[in-house]
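Visitor: Generate a structure from the sequence data that follows.
(one chain, ligands or ions: 2)
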Amino acid sequence: MTDSLFSCGFAIIIGPPNAGKSTLLNELLDFKLSIVTPKPQTTRKKITGIYHNDTCQIIFLDTPGIMKPQQKLHESMLGIVRDTLKDADVVIALLPYAVTPDGIDVEFADELFTSWLQSTGKPIIVVLNKCDLVSAERHQHVEAFVQKRWMPAKVLSVSALKAKNMMQLVDALQPFLPMHEPLYPEDTLSTAPERFFVSEIIREKIFLQYGREVPYSTEVVIDEFKEQYEDDPTRKDLIRCSVIVERDTQKQILIGSKGAALKKLGQTARKDIEAMLGRPVFLELFIKVRPDWRKKNNLLKSFGY
Ligand SMILES: Nc1nc2c(ncn2[C@@H]2O[C@H](COP(=O)(O)OP(=O)(O)OP(=O)(O)O)[C@@H](O)[C@H]2O)c(=O)[nH]1
Ligand SMILES: [Mg+2]
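Guide: Residues are numbered from 1 along each chain as shown. Ligands and ions are numbered 1, 2, ... in the order given. Next up is the predicted model:
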């Protein structure tokens, strides 16, 4: 462990919403740490995931997707990306393959490089994700285009979903990490507490179960997390959460006819929470209306934005 050839550092995963940033983090860690849904703007905060091997430790930082802010919540999310970027030793610019003439969203990538990345002077690896959706000839063509236009330290095509080229990515990152002993013990997967991941699982299930604006208007707050199972296995852990929405109509949708939707949400979330914690839980969800919480600084702050 004290081998001087060991490297350890921080790698930010940055890119547009829905690029597959969280899928990539999970695949690298071989653990579902960060929530994933088909909807954009799923991730709202920094997710720290720690990768270990014999020669390096990489602290991956998954971030919210970069978009044009339409409200204060978005501005806070972009602030989180900006702060996270400062911590990074190396940048993974994750750009998904797209059905455009150039094979990626050039306008977004231009903006990412000029407004976010170039001024930092940090080494940038462009990772072209969702390569499973395009042909091998296309990869070469787009990789060459990216190399020429933005001149990153490296370009690599991967599929986070199909676990393609994951080790190539780790190998590409390693030269840019400082020579340093590991910062965290080998069994540490993240620095965030369990209760944060519990709230994320509930948010994921809301994104998957409900349509339109409901997932975007929802926040989850853990009010109480009573760990009692370990001391007394006849008692499950007790988790009480507030599910915050902006309008009464959204509250009705969340609850559903005769409470059926909320019951289903509780059941699907509990299953995943129990799998993550490895112990049984009793999950209570309370729906609360906080009008326009996404626009209010004090509420955003109290929700950790
Ligand atoms: N075909 C394909 N789909 C992928 C790949 N990686 C991710 N996806 C899908 O893309 C969608 C978005 O994935 P996420 O990992 O949530 O994307 P994200 O960049 O974290 O999105 P935000 O958190 O909203 O910014 C999901 O439906 C994933 O299954 C890939 O390599 N190939
Ligand atoms: Mg995400």
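
Visitor: ok, Ile58 - contacts?
Guide: Ile58 makes contact with 8-11, 28, 50-51, 170, 173-174, 177 under the criterion Cβ atoms under 8 Å, 6 or more residues apart in numbering. Glycine gets a C-beta too; all of them are placed from N, C-alpha and C.

Visitor: got the residue ranges for the strands in the stretch 51-200 of the chain?
Guide: Taking DSSP state E, counting those that start in this stretch to define them, one finds strands in the stretch 51-200 of the chain at 56-62, 90-96, 124-129, 154-157.

Visitor: And the helix or strand hosting Lys264, what's buried?
Guide: Secondary structure assigned from DSSP states H and E places Lys264 in helix 260-277. Going by neighbour count (16 or more other Cβ atoms under 10 Å), the buried part of helix 260-277 is 261-262, 265-266, 268-270, 272-273, 276-277.

Visitor: Which elements pack onto that helix?
Guide: helix 194-209, helix 248-255, strand 281-289 (3 or more Cβ pairs under 8 Å, 6 or more residues apart in numbering; DSSP states H and E).

Visitor: So which of the ones you listed is nearest ligand 2?
Guide: Among the helices and strands packed on helix 260-277, the nearest to ligand 2 by Cβ to the ion is helix 194-209 (9.9 Å).

Visitor: Tell me the first helix or strand C-terminal of the closest one.
Guide: Helix 194-209 is succeeded, C-terminally, by strand 219-226 (DSSP H and E).

Visitor: got the residues of the stretch 151-300 of the chain near ligand 1?
Guide: With Cβ under 6 Å from any ligand atom as the criterion, the stretch 151-300 of the chain meets ligand 1 at residues 159-161.

Visitor: Quick one: these as TSV, columns for pLDDT and neighbour count too.
Guide: Converted to TSV, these look like this (pLDDT from 0 to 100; neighbours: other Cβ atoms under 10 Å):
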residue	pLDDT	neighbour count
Ser159	98	21
Ala160	98	28
Leu161	98	16
